[in-house]
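[1] Kindly return the folded structure for what I paste below:
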Amino acid sequence: MKKLIFLIPLLNLLFGCKTEVTKKQDQISPSKEVVAFFETYNKLWSEGNFEYIASDIYDLPMTLYLQDTINYFKSPDEVKKFLINTFNNLEANHYGFSKINKWENYREDGKYIITDMNFTRFLKDSTIMGNQFRKATYILIKKNKELKIAAMMPHIIIDK
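    Predicted coordinates:
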């Protein structure tokens, strides 16, 4: 019996950490403000609108935690340069648009919000681009009654 007790946490870890869309009742529901913010961000990202993202979506300074490096952007020009490069790479890979699937690990703490967004990228022909279920962690900050992304950690290569 004691051996079985040790297996329960292991099984929970193995089967509870999937990155896929789950049933509606299991999904986390952020505030309407947060959902609207990310829907706008997703639309702008799908359009490659780096100007608006750099000026109105990302906060400065902004930290981007990539798989192999950490980028710390202090100016709008640094953000624009990064976004232009990213969108050029996505365009070369025939990126079309993204779709939000669900929210994971949502938490509000004063002026900060931390959430994981599960999403799918599609090619221009509307077929799935790479992995169907991708995830990124965002730290939002509320400044002057507006949400902005202060930090982001994509759990994927950002431009593929």
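
[2] Next, Asn89: secondary structure please.
    When classified by DSSP: H, G, I helix; E, B strand; the rest coil, Asn89 comes out as helix.

[3] Buried residues in stretch 107-121, which are they?
    Within stretch 107-121, the residues scored as buried using 16 or more other CB atoms under 10 Å are 113, 115-121. C-beta coordinates here come from the backbone N, C-alpha and C atoms, glycine included.

[4] Sitting in helices, which of these do you find?
    When DSSP state H defines the helices, the subset of the buried residues of stretch 107-121 inside them is empty.

[5] ok, the residue nearest the centre of the chain - contacts?
    Central residue of the chain (CA atoms, centre = their mean): Ala136, 3.3 Å from the mean position. Contacts for Ala136 (CB atoms under 8 Å, 6 or more residues apart in numbering) come out as 116-117, 119, 152-156.

[6] what does Met153 give?
    For Met153, the contacting residues are 64-65, 136-138, by CB under 8 Å, 6+ apart.

[7] again, only this time at 7 Å
    Neighbour list for Met153: 65, 136-137 [criterion: CB atoms under 7 Å, 6 or more residues apart in numbering].

[8] again, but for Phe122
    Phe122 sits next to 96-97, 99, 128-129 when contact means CB under 7 Å, 6+ apart.

[9] how about low-confidence regions in this structure?
    1-27, 157-160 (pLDDT under 70).

[10] Please enumerate the strands of it.
    58-65, 70-73, 95-109, 112-123, 134-143, 146-154 (DSSP state E).

[11] Reformat those as CSV; add distance to Ile28.
    Shown next, in CSV, are the strands of the chain (distance: least, CB to CB, whole Å):
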stretch, distance to Ile28
strand 58-65, 21
strand 70-73, 27
strand 95-109, 5
strand 112-123, 8
strand 134-143, 13
strand 146-154, 17
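
[12] Select, out of the ones you listed, the one closest to Ala36.
    Closest of the strands of the chain to Ala36 is strand 146-154, at 9.0 Å (criterion: CB to CB).
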